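Visitor: Would you be able to build a 3D model of this:
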Amino acid sequence: MIDLYGCGSPNVLKVLLMLEETGLSYRLHRVDVHSGEQFAPSFLALNPNAKVPVIVDRDVEGGPFTVFESGAILAYLAEKTGRFMGRTLRERSECLQWTMFQVANIGPMFGQALHFQFIAPAGNEYARRRYLSEVRRVYDVAEARLSCSAWLGGSDYTIADIAAWPWLGKYCRYPGIALPLDAHPHLCRWISAVEARPAYARIHETFKALFKATLDAQREASPDELDRFFGRGRYSRATDLPAAMTAESSSDGPVPRPSNGNTAE
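Guide: Below you'll find the predicted structure:
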């Protein structure tokens, strides 16, 4: 039996999908992240980073084993079952490269785009446009990949697809960041292929209910609870940061200007 701790987020959805694909027995425990349940000592003992998802595998040699970070969870479940990560070294590497593409690019860029589009106060137009542009760029990368590959991770369905689908597949029609789908036919084909899988049908209603419960909890959270969730107000750790540095204000000479693209890994 595997215990999954999560809320209605894309990173939790990818683990739900993986558990259904593997057929492993699991129990879902909803964590109310907006009321601060992830900061309780009992949860921090599972994940010191106070984030969901987390799994506890109770059917493993040596006793219960905890895994946090959604990409690490997918890799763990793939290793445990011997499925969805390729058979040869080349196949596994290709799968992991595109899984890391989701972990390092898709999730972070979408998360920031959604935050600055819907959560941040007015006056963040630069950040809003920057991350929405990155979302479009990431979609273009996925479209190019899927134009020459049946699945993101190669010729077979793998954890690379399971990791990316909750973001690429769910937000392409989302108000504020919707995508011109007629310009992304290969992405549309891929989304339909994932949604046609029996595992998706089995978790669809469960995740809809989980997503609704998370939205309701966010609406009902107090201003202080939301400040803690977003790390702002009295919970901000950036209160003593210096003013933004420019080439003109630096005493050490010009500050290198980053490129427009996100080139750091």
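
Visitor: Check whether Arg27 sits in a helix, strand or coil.
Guide: Under DSSP: H, G, I helix; E, B strand; the rest coil, the three-state class of Arg27 is strand.

Visitor: how close does it sit to Asp3?
Guide: Going from Arg27 to Asp3 by Cβ to Cβ, to the nearest Å gives 5 Å. Every C-beta, even on glycine, is put in place using the N, C-alpha and C of the backbone.

Visitor: now do Leu168
Guide: Taking Cβ to Cβ, one finds Leu168 at 28 Å from Asp3.

Visitor: neighbour count winner among those two?
Guide: Leu168 (27 against 16; other Cβ atoms under 10 Å).

Visitor: what residues are up against the more buried one?
Guide: Leu168 sits next to Ile106, Val138, Tyr139, Ala142, Leu187, Trp190, Ile191 when contact means Cβ atoms under 8 Å, 6 or more residues apart in numbering.

Visitor: contacting residues around the third one?
Guide: Read that as Tyr139. Leu168, Cys172, Leu179, His184, Leu187.

Visitor: follow-up on the earlier one: which among the contacts of Leu168 count as buried?
Guide: With neighbours counted by 16 or more other Cβ atoms under 10 Å, the contacts of Leu168 contain buried members at Ile106, Val138, Tyr139, Ala142, Leu187, Trp190, Ile191.

Visitor: Of the contacts of Leu168, just say which sits nearest to Asp227.
Guide: Set against Asp227, the nearest of the contacts of Leu168 by Cβ to Cβ is Ile106 (27.4 Å).

Visitor: does that closest one really touch Trp165, like I thought?
Guide: No - the criterion here is Cβ atoms under 8 Å, and Ile106 misses it with Trp165 at 10.0 Å.

Visitor: anything in contact with each of the two?
Guide: With contacts defined as Cβ under 8 Å, 6+ apart, no residue is shared by Ile106 and Trp165.

Visitor: And the helix or strand that contains Gln218, what's buried?
Guide: Using DSSP states H and E, Gln218 sits in helix 198-220. Within helix 198-220, the residues that qualify as buried are Ala199, Tyr200, Ile203, Phe207, Leu210, Phe211, Thr214, Ala217, Gln218, counting by 16+ other Cβ under 10 Å.

Visitor: residue boundaries of the strands in the stretch 51-200 of the chain?
Guide: Secondary structure of the stretch 51-200 of the chain (DSSP state E, counting those that start in this stretch): strands located at 54-57, 65-68.

Visitor: Could you list the residues in contact with the first one?
Guide: Strand 54-57 is touched from outside by 2-6, 15, 26, 43, 46-47, 64-68, 73, 76-77, 80, with contacts defined as Cβ under 8 Å, 6+ apart.

Visitor: same thing but at 7 Å, please
Guide: Strand 54-57 has contacts (Cβ atoms under 7 Å, 6 or more residues apart in numbering) with 2-5, 15, 46-47, 64-68, 73.

Visitor: could you give the mean pLDDT of it?
Guide: Averaging pLDDT along strand 54-57 gives 98.

Visitor: repeat for the last one
Guide: Summarised as a single mean, pLDDT over strand 65-68 is 98.

Visitor: Could you point out which residue ranges in the protein have low pLDDT?
Guide: Across the chain, the ranges flagged by pLDDT under 70 are 244-265.

Visitor: list the buried ones in stretch 233-245?
Guide: Within stretch 233-245, no residue counts as buried by 16+ other Cβ under 10 Å.

Visitor: mind listing the helices in the stretch 151-265 of the chain by residue range?
Guide: In the stretch 151-265 of the chain, helices defined by DSSP state H, counting those that start in this stretch lie at 159-168, 185-195, 198-220, 223-230, listed in chain order.
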